[in-house]
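*Asks:* Just need the structure, nothing else, for what follows:
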Amino acid sequence: MSLMPKRVKFRKNQRGVARGNQAQKKYNGAIKGNAHRGNYVAYGDYGLQALEGGWLSAESIESGRVTVTRFVSGEGRYYIRVFPHKSVTSIPAETRMGKGKGEPEYWAAVVRTGQILFEVGGLPEQAARDCLARVAYKMPFKCRFVARRPNI
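*Replies:* Below is the predicted model of the structure:
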């Protein structure tokens, strides 16, 4: 069961804006800039932080959730910090030009560099490292393990 919004105002939305040198090339989904929100561990003790920007599909989020659920299994808690709000459309192969925009294929979360994707709490550090390393393997971009900062 993949994540998707219950209802949206518009079924199809635009891909986003490429800035800098990407503007002349075809937009490839790389998200420019750093995350200003959601870039620190807020709920758990340890987190998985994205080191690159891009689209994270609902299927990737679900596979990460299954991995965390199996690893945590009752002794800790996990938090998913991303949600797929963006519908990604595509036209069938070997279709002539024209005939409008394609139908929604999947839902994706727009992830910027530095955004926290998953968090775990109630686990020892080594167990959390192992858990989030397995999740990072399933993500489409590089990620790193981060710990919660001490409150001052």
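
*Asks:* Can you tell me the closest non-neighbouring residue to the most centrally placed residue in the chain?
*Replies:* Closest residue to the average C-alpha location of the chain: Leu56 at 3.8 Å, with Cα atoms, centre = their mean. Computed as Cβ to Cβ, 6 or more residues apart in numbering, the closest residue to Leu56 that is not its neighbour in sequence is Ala109, at 4.5 Å. C-beta coordinates here come from the backbone N, C-alpha and C atoms, glycine included.

*Asks:* which SSE is the one you found in?
*Replies:* strand 103-111 (DSSP states H and E).

*Asks:* Can you show me the helices along this structure?
*Replies:* Remark: helices assigned in the chain by DSSP state H are 58-72, 125-138.

*Asks:* re the thing from before, what is the mean pLDDT for the strand holding Ala109?
*Replies:* Mean per-residue pLDDT for strand 103-111: 93.

*Asks:* Any buried residues in it, and which?
*Replies:* For strand 103-111, the neighbour count (16 or more other Cβ atoms under 10 Å) marks 104, 106-111 as buried.

*Asks:* Could you do stretch 61-79 as well?
*Replies:* 61-65, 67-68, 71-72, 76, 78-79.

*Asks:* residue ranges with poor pLDDT in the protein?
*Replies:* For the chain, applying pLDDT under 70 flags the ranges 1, 18-30, 152.

*Asks:* for the residue of it most remote from its centre, phi and psi?
*Replies:* Here the chain reaches farthest from its C-alpha mean at Arg96, the gap being 32.5 Å by Cα atoms, centre = their mean. Dihedral angles of Arg96 (phi, psi; degrees, to the nearest 10) stand at phi -70, psi 160.

*Asks:* How much space separates it from Val120?
*Replies:* 49 Å (Cβ to Cβ, to the nearest Å).

*Asks:* same thing with Ala128?
*Replies:* 5 Å.
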